[in-house]
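> Build me a model:
(chains A and B)
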Amino acid sequence: MSDPALFLQAVGLHKEYRQGQKALEVLRDVDLTIRRGEFIAVMGPSGSGKSTLLHVLGGLDRPTSGTITVEGEEITALDQDALCRYRRERVGFIFQSFQLLSTMSARDNVAFPMVFTGVGRRDRTARADKLLAEVGLAERAHHKPSELSGGEQQRVAIARSLANSPDLLLADEPTGNLDSATGSEVMALLQRLHRDGRTLIVVTHDARIARHAQRVLRMLDGRWTTRTTEKKS
Amino acid sequence: MKTRDLLRLVLENLNRLRFRAAFSAVGVVIGTTAVVVLIALGMGLYESSMASVSASVGSMNEITVLPGATIRALAGSSGFGAGNEGVIHLAFLEEMRRRPDVLAVTPRVSLTSGALTMRQLLLSANPVGVDPASIRGMGWTVQKGALTLGRGSALLGSKTLESFVDPRRHETVAFPAEDLIGQSLTLTVTRITDEGKEQTRTVRLRIAGVLTERGGQDDYAFFLPLSEAESLNQWVSGRQINRAREGYEQASIVPRSSEESLAIETQLLTRGFYAISAGTYIKAFNMIFLMIQAVLGGVGGIALLVAGVGIANTLTMAIYERTREIGLMKALGASNRAVMFIFLGEAGAIGFLGGLGGVLLGLLLSGAANILYGLYLQSQGAASAPGAATSITAVPLWLPIAAVLFATVVGVLSGLYPAQRAARLEPVVALKYE
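Residues are numbered from 1 along each chain as shown, chains lettered A, B, ... in the order given. So this is what the prediction gives:
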């Protein structure tokens, strides 16, 4: 690897789903190179394959062909357990629909990923409280998701994505369910995380969000259409 | 994932699904209650039957031998040899005495007629003549007096102490054993002559010892030397009995160890004798009760298995409801194994908690059955009868433990399919599930 700042490299990613006899091609020969600490926005219409790309990069799904290498480790070659570990330790997901567990408090939702990394209960709680404070929800730790606004729920979800200190954050339409003011708050939070050194890939329809990214990539029918010019961070 | 966290998560999930989990657990409660109550009933039946068996048989090792002809006459069966086979003649007894695996042998001669009296009191006991040389080998011990059976002496079975009757007052009189040692008993036998006249003969016997209680009919017997019993019987029948040819009506054989008892019995049976010991009888008895227990436990077990199907159904339905949650867990890095353990844990916990409830309910019902049975016995005035059981159910310590374990295992097994299904869910598909 020549570039020491190179974080992720995807080569020839291809993904197709079988629907009976028909094959549905969702990703077609997608290449991608991401440097450590980079903030990338992926834009494109619905069904263009951007969410599938995010899932494949995050190890939630496997490409039909092609390779993904993260800091020298080829994650497309990992077995099931190693892929789980990759998701657990290196990736934080942020979903459009927040995906919070409704019966758990904000604190328990944030602490939940640490259950799978074997962190003790006391440490989990302390870290969850710290993360909730970082997203400005220290006072709402005991509240259930149904008692929080949409923006607050997404901030809890962002805090949860940071639980195991991942170096890659993947956000799928993080402001899609929020009004513009709340969406801006969430974006400000994501920018702050980027400034703290995290690599961030955001899939979005929203051009205002894409403005904050260092690079904007556009996708159509499973292929890159244009590559935006790089901006200064 | 730590075991403690797994348990906490399982309990939290069950709490979340508490109504559905409770309904599934009710099935397990009913199944486990059925297992506990049915097995407790079986055990109660076994223990009360064993109590009556123990009260009616003596030493576990002692083999009672009867001539095959006696059983043939009683049962009309030809299974015990024919003709000269299975006769307890002197040569047979001598052969038994010489066997290295036999400790003692004695014929038993009952008096056909005989009344026992002691100072105006009647003694209700069965006079039996035994070989004095065999009594130590028979394993008898005395609670008072000496274990000897010389000429003119007698040994009393332990229960005879309470079997004296005052004929004038029509009441029983009990004696402490020490008061009887050295006392004289009069044994009167009667015969009718050819002319129809009644003749009596009396023998005075000194009580040498009172035997320790052994269980069985010997406790109600009055033992005198074989030769005296023989001579009294000959006087009553008016003829010389040739034991070498005719044999005895009964004999007792004591093997050196209980292991040899069955082998000796089998050999005697093949030679046309009827032979049985309490040990063998109880072994057969145990086999029958084992079968009864298996059937009763099986019925309860089936109820529990049906409950298992309920658990499987609950968890399979829960997977549909919790598909997104499973997807999220996987997105957060939960391994397939962790997801499987969570569902197996939930299934096992439903089984465990249901089992615990079932055991408690089973114990309550068993206790209630015993109380009702006790009241019934009291109303019948049968509670103090010898060998009468005071409870209808019995719960050995292993039963509640085994029942809870069984219910937990049924729960875990029921959870296998749903758990594997949950573990195999594709995270992306699960996250998008509506």
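
> can I see the domain layout of chain B?
B:3-56+B:283-432, B:63-256 (automatic domain parsing).

> winner for burial among these?
domain B:3-56+B:283-432 (a mean of 19; mean count of other C-beta atoms under 10 Å in any protein chain shown). Just so you know, the C-beta spots here come from the backbone N, C-alpha and C atoms, and that holds for glycine as well.

> and the gap between the residue most central in space within chain A and residue A:34?
The centre of chain A sits closest to residue A:170, judged by C-alpha atoms, centre = their mean, with a distance of 1.1 Å. Residue A:170 sits 11 Å away from residue A:34, going by C-beta to C-beta, to the nearest Å.

> shared neighbours of the two, which are they?
residue A:201 (C-beta atoms under 8 Å, 6 or more residues apart in numbering or on different chains).

> Where does the stretch 251-400 of chain B get nearest to chain A, residue-wise?
Chain A sits closest to residue B:333 of the stretch 251-400 of chain B, with a gap of 2.3 Å, by C-beta to the nearest C-beta.

> Surely that residue is in a strand?
No: under DSSP: H, G, I helix; E, B strand; the rest coil, residue B:333 falls outside any strand and is assigned coil.

> Can you tell me the closest non-neighbouring residue to it?
residue A:88 (2.3 Å; C-beta to C-beta, 6 or more residues apart in numbering or on different chains).

> For that neighbour, grab the count of nearby residues.
23 (other C-beta atoms under 10 Å in any protein chain shown).

> tell me which element it falls in.
Secondary structure assignment for residue A:88, by DSSP states H and E: helix A:80-90.

> Look up the closest residue to the residue nearest to the centre of chain A, ignoring the ones flanking it.
Leaving aside its sequence neighbours, residue A:170 sits nearest to residue A:58 (C-beta to C-beta, 6+ apart; 4.7 Å).

> wait, doesn't that neighbour sit right on residue A:94?
No: the pair residue A:58 / residue A:94 is not scored as a contact, 10.6 Å apart, by C-beta atoms under 8 Å.

> Give me the nearest residue to residue B:315, chain neighbours excluded.
residue B:418 (3.8 Å).

> How about the contacts made by residue 50?
By default, I'm working from chain A. Here residue A:50 is in contact with A:42, A:43, A:44, A:203, A:219 (C-beta under 8 Å, 6+ apart).

> hmm, I had chain B in mind actually
Contacts of residue B:50 (C-beta under 8 Å, 6+ apart): B:282, B:285.

> mind checking how far residue A:92 is from residue A:71?
Taking C-beta to C-beta, one finds residue A:92 at 16 Å from residue A:71.

> between the two, which one's more packed in?
The neighbour comparison of residue A:92 against residue A:71 (other C-beta under 10 Å) goes to residue A:92, with 27 against 14.

> and the more buried one, what are its bridge partners?
residue A:169 (DSSP bridges).

> All the helices of the chain, in order from the start?
Just so you know, I chose chain A. Remark: helices assigned in chain A by DSSP state H are A:50-57, A:80-90, A:106-115, A:121-134, A:150-161, A:180-195, A:207-210.

> Hmm, no, I was thinking of chain B.
B:3-16, B:18-56, B:68-75, B:90-98, B:177-180, B:226-237, B:243-246, B:258-270, B:278-321, B:323-331, B:336-380, B:398-424, B:427-432.

> What pLDDT does the model give residue B:137?
pLDDT for residue B:137: 85.

> Got the phi and psi for it?
Torsion angles at residue B:137 (phi, psi; degrees, to the nearest 10) stand at phi -60, psi -20.

> correct me, but it touches residue B:97?
No: applying C-beta under 8 Å as the test, residue B:137 and residue B:97 come out as separate, 9.5 Å apart.

> Spit out the residues that contact the two alike.
With C-beta under 8 Å, 6+ apart as the test, residue B:137 and residue B:97 both reach residue B:105.

> Now do stretch B:18-30: everything it contacts.
Looking at what lies outside stretch B:18-30 - C-beta under 8 Å, 6+ apart - the contacts are B:14, B:303-304, B:306-308, B:310-311, B:313-314, B:317-318, B:346, B:350-351, B:353-355, B:357-358, B:361, B:407, B:410-411.

> I figured the residue nearest to the centre of chain A hits residue A:199, correct?
No: using C-beta under 8 Å, residue A:170 is not in contact with residue A:199, being 9.4 Å away.

> near chain B, which residues of chain A?
A:55, A:58, A:60-61, A:80-81, A:84-85, A:87-89, A:93, A:95, A:99, A:101, A:103-104, A:112-113, A:115-118, A:120-121, A:160, A:164 (C-beta under 8 Å from any C-beta of the partner chain).
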